[in-house]
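**Student:** would you be able to build a 3D model of this:
(2 chains)
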Amino acid sequence: MGRVPKSTILNRRKSRRETGPSEKAEPVRIDILRRKSTDDAPYWQSFLYTPESSSDTVAMALTGINSQENLRDVDGNPAEEIRWEKSCLQKKCGACAMVICGRPMLACDAFLSELKQPVRLEPLRKFPVVADLMVDRSVMFRNLKDMSAWLQQNAEPSEKKNLPAHEASRCIQCGCCLEVCPNFMPDSSFFGMAAMVPSARILTFSKTGKGEFQEEYRRHIYEGCGKSLACRNICPAGIDIEGLLVRSNAAAVWHRRAAKK
Amino acid sequence: MITIAGAGLAGLSAALTCAEHGAECVLLSVQPSERAQSVLAEGGMNAALNTMGEDDAPCFHYEDTMKGGVFLADPNAVKGLTDAAPDIIRRLWSLGVPFQMKGDDLLLRPFGGQKKRRTAYAFSSTGKAVMNALIDEVRKYEAAGLIHRYSSMEILEPLTEEQDASGTEAWSIPYTAENHNPGKRRILKGLLARDTRSGELVRFTGPLILCTGGMNALFSGMTTGSASNTGDLTAAFFEQGVQLGNLEMLQYHPTTAAICGKRLLVSEAARGEGGRLFIKKKDGSGDWYFMEEKYPELKNLMPRDVVSREMFLAVHDPACEDQVYLDMRGLKKETWEGKLKDLREEVIHYLKLDPAEDPVPVSPGIHFFMGGILVDEHHRSSMPFLWAAGECACQYHGANRLGGNSMLAAVYGGHIACEDALKYLDDEASDAREKQISEQDGKNSFSPNELHAWTRVRPVFEKKLTEILAEGLGIYRDENTLMHALERLEKLGSAAETHPERRRAMVGRAMLLSALERKESRGAHSRTDFPERNDDIYCRTTVSEYKEGRVEVCFRDIPALR
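**Tutor:** Modelled structure (predicted):
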């Protein structure tokens, strides 16, 4: 124990090699489409944020802006805290999805250094706005319930089935794929890829052939998808949506197992 | 009707148990289950499934868990957990969790502090895969009308009442404040919550199972957990007299790295699959693989507390540079593709380096709270009709949690808590569905601004509290730094402006006092001024309680194994 130094404070000596050089960057202007509540009119408000490091994300910027005492916008007007959803901050939970510079993304996955300035933040447009960047995505969960998305019997796993099942289980229900989809609307009977991906796990572990879930799938996914492939490369989790779609269509609509991908 | 607060792994498990008994429950959370911290769990779940030809059995899992926790866990609870583990994994498997397989059976990976391979996993996204299967299964019972899910409920306040204590004698955790007001006892009545979408206030009554996770807000930005798991509800119950246990036991995970606003975990699976820790010598004599030299048997897979301490010592060794690296360059291509695909992607994405080619700079970060709401083996807290499970509860992990035991404990704990709570459902309570606050009770909704004044924690307060607690509760502690931190906290606490600020300071104080009073070194708690383990005095649970306006800490005997 004699080797323990006097300073017992962890993190006091942050290694430069671990955190990288932290040259103070120029302030970034962040334009936010705000709304006090569902019933209020939207308006734009701009803020300045000075990144702490070159790897700062939009999530960092929003946290930083909100942590200011007596928050003011770029013109010096007093502003209220910006409302947005966050949880894991490492793109595993889907909470912080929003439209960033015109593209649906996770705020924790959008690096400021890679974005066009000023950085424009808007709430996802396919869902009702609760306030500011926070939207009500409950329709996604309701849809999964409506199409009875659960296993009808015990799974019989195999190494072969596990791969697509694992891919499907990576869906974070963020809604980014629905945002860009020309066919999905919250009140439409087409539930979109956010319902297809979880369905892929269920179909993988279901018996081949006709069944109630297969019928739900046909009605709410197969028949509505216009194959625009707009959702390609949008998924923040990088899920192979096309691969799962081909596989699920084969199982649910054509009642056969897809050939090995 | 039972109310379950928190829809992560423990909450889902409790809800499922309830529904499988044919009973209705309310499942409350501020965000849907997909956002719960459980989805971050990476490495796997332990169970003595004995599929690797290593003659494993639950008794060995029990021994490793007790030993890993340095005998501070309740042995009867741990026995229940480890005995049930194989069935839990097989059940999850049958629900379609894509655990990795070897032929027709489960493949297990080696994990820290365990001599046999017993960790079932799905790449390094096990938590996500398990959550996904449970979310689907719970959905079935939501559709059947048994599970009433509310996924946008911000819980504001516990509702408790001082009552005649008769009828609660059987409640096994002693209630010390009884002396203060003989024959009376504070009893749980329900929760007050606010729908974040409508602003409406809602009251949920009946027995309550808390599954609200760890206390990340006390160490803001310093933990690997989710920002949503603040610990504010734990703190609110603490203020109401609920006892907390082993608060000084914070797990520093050895391999984490700072990213935006938090610490990124590099899973223990990295070391399980062959990752090695080293530090460079200043004299240029090369890389020192210190864990392998010091611990020839378990090497890089010693329990987490040991590895974190060794890393701390290595970076403070005058002969060494100040950065430890995780070396995964020797891992085979098949391992990267078949077992650690997602871990590699994540490291490349956030740390901008490829672990297959470059060593990853890592340092210990706070990963898990072994301490929390003190519960008995039925998961009862010290307050009648309040149960706790998952990370918010103090159970199973003692002074140090083994990797692979947290998800297992969440699933098992949620199940046990619910089984017990179901016994306390009387006919009257089962009618107590959620009710809005009526007009004569006062308001039935809050505007965001009104709420803000009540629930806001000022960022400057949060930052200060984090600084103070980090000072006192590093990997190594001593009386001077703890006393200094307590003094600073006293000042900060008196400047608290809102409920959560005041309560966080209170729990912070309990944490520091727990660390101060445990004058020994055990598991995650290392005192430079008391470097030895002292079983005679301290092989006991640290109990914190708030009574008569003061935070008090004492030690209580751990039950013997039946």
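**Student:** which element is B:Val30 on?
**Tutor:** For B:Val30, there is no helix or strand it lies in under DSSP states H and E.
**Student:** tell me which residues form a beta bridge with the nearest residue to it once chain neighbours are set aside?
**Tutor:** Spatially, and ignoring its direct neighbours in sequence, B:Val30 is nearest to B:Glu154 (5.0 Å; Cβ to Cβ, 6 or more residues apart in numbering or on different chains). The way it works is simple: take the backbone N, C-alpha and C, and place the C-beta from them, glycine included. B:Glu154 has these beta-bridge partners by DSSP bridges: B:Arg194.
**Student:** I'd say B:Glu154 and B:Ala193 touch.
**Tutor:** Yes. Contact status for B:Glu154 versus B:Ala193: in contact at 6.3 Å, counting by Cβ atoms under 8 Å.
**Student:** which of these two has more residues huddled nearby?
**Tutor:** Taking neighbours as other Cβ atoms under 10 Å in any protein chain shown, B:Glu154 and B:Ala193 compare with B:Ala193 leading, 23 against 14.
**Student:** okay, now the unreliable bits of chain A?
**Tutor:** Applying pLDDT under 70 to chain A flags the ranges A:1-24, A:258-261.
**Student:** what about the strands in it?
**Tutor:** In chain A, the strands defined using DSSP state E lie at A:28-34, A:43-49, A:97-100, A:103-106, A:119-122, A:129-131, A:134-135.
**Student:** contact partners for A:Gly224?
**Tutor:** A:Asn183, A:Phe184, A:Ser188, A:Ser189, A:Phe190, A:Phe191, A:Gly192 (Cβ atoms under 8 Å, 6 or more residues apart in numbering or on different chains).
**Student:** return the members of the residues you listed classed as buried.
**Tutor:** Among the contacts of A:Gly224, those buried by neighbour count (16 or more other Cβ atoms under 10 Å in any protein chain shown) are A:Phe184, A:Phe190, A:Phe191, A:Gly192.
**Student:** reformat those residues as a markdown table; add distance to chain B.
**Tutor:** Shown next, in a markdown table, are those (distance: Cβ to the nearest Cβ, whole Å):
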| residue | distance to chain B |
| --- | --- |
| A:Phe184 | 18 |
| A:Phe190 | 20 |
| A:Phe191 | 14 |
| A:Gly192 | 16 |
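**Student:** next up, the contacts around the residue nearest to B:Val30.
**Tutor:** Per Cβ under 8 Å, 6+ apart, neighbours of B:Glu154: B:Val30, B:Ala193, B:Arg194, B:Asp195, B:Thr196, B:Thr455.
**Student:** got a pLDDT number for B:Glu63?
**Tutor:** On the pLDDT scale, B:Glu63 is placed at 97.
**Student:** what is the burial count for it?
**Tutor:** As a burial measure, B:Glu63 scores 15 neighbours (other Cβ under 10 Å).
**Student:** for chain A, see how far away it is.
**Tutor:** B:Glu63 sits 27 Å away from chain A, taking Cβ to the nearest Cβ, to the nearest Å as the criterion.
**Student:** swap in B:Asp105?
**Tutor:** 10 Å.
**Student:** could you do B:Ala421 as well?
**Tutor:** Separation of B:Ala421 from chain A (Cβ to the nearest Cβ): 24 Å.
**Student:** for B:Gly22, list the residues it contacts.
**Tutor:** Contacts for B:Gly22 (Cβ under 8 Å, 6+ apart) come out as B:Leu146.
**Student:** one step back: as CSV, the strands of chain A with mean neighbour count and distance to B:Val315 would be great.
**Tutor:** Putting these into CSV (neighbours: other Cβ atoms under 10 Å in any protein chain shown; distance: least, Cβ to Cβ, whole Å) gives the following:
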stretch, mean neighbour count, distance to B:Val315
strand A:28-34, 20, 34
strand A:43-49, 16, 32
strand A:97-100, 25, 38
strand A:103-106, 22, 33
strand A:119-122, 21, 37
strand A:129-131, 22, 45
strand A:134-135, 22, 41
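**Student:** A:Asn162: which of those strands is closest?
**Tutor:** With Cβ to Cβ, the closest approach to A:Asn162 among these belongs to strand A:103-106: 26.3 Å.
**Student:** list the residues that contact B:Gly8.
**Tutor:** Residues near B:Gly8 by Cβ under 8 Å, 6+ apart: B:Ser29, B:Ser33, B:Ala36, B:Gln37, B:Ser38, B:Met131, B:Cys211, B:Gly213, B:Gly390, B:Ala410.
**Student:** of the residues you listed, buried ones?
**Tutor:** The neighbour-count test (16+ other Cβ under 10 Å) applied to the contacts of B:Gly8 identifies B:Ser29, B:Ser33, B:Ala36, B:Gln37, B:Ser38, B:Met131, B:Cys211, B:Gly213, B:Gly390, B:Ala410 as buried.
**Student:** secondary structure, distance to B:Arg329 and pLDDT added to the residues you listed, as a markdown table?
**Tutor:** Formatted as a markdown table, the buried ones among the contacts of B:Gly8 follow (DSSP: H, G, I helix; E, B strand; the rest coil; distance: Cβ to Cβ, whole Å; pLDDT from 0 to 100):
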| residue | secondary structure | distance to B:Arg329 | pLDDT |
| --- | --- | --- | --- |
| B:Ser29 | coil | 41 | 97 |
| B:Ser33 | helix | 37 | 98 |
| B:Ala36 | coil | 34 | 98 |
| B:Gln37 | helix | 31 | 97 |
| B:Ser38 | helix | 31 | 98 |
| B:Met131 | helix | 32 | 98 |
| B:Cys211 | coil | 40 | 98 |
| B:Gly213 | coil | 35 | 98 |
| B:Gly390 | helix | 36 | 98 |
| B:Ala410 | helix | 34 | 98 |
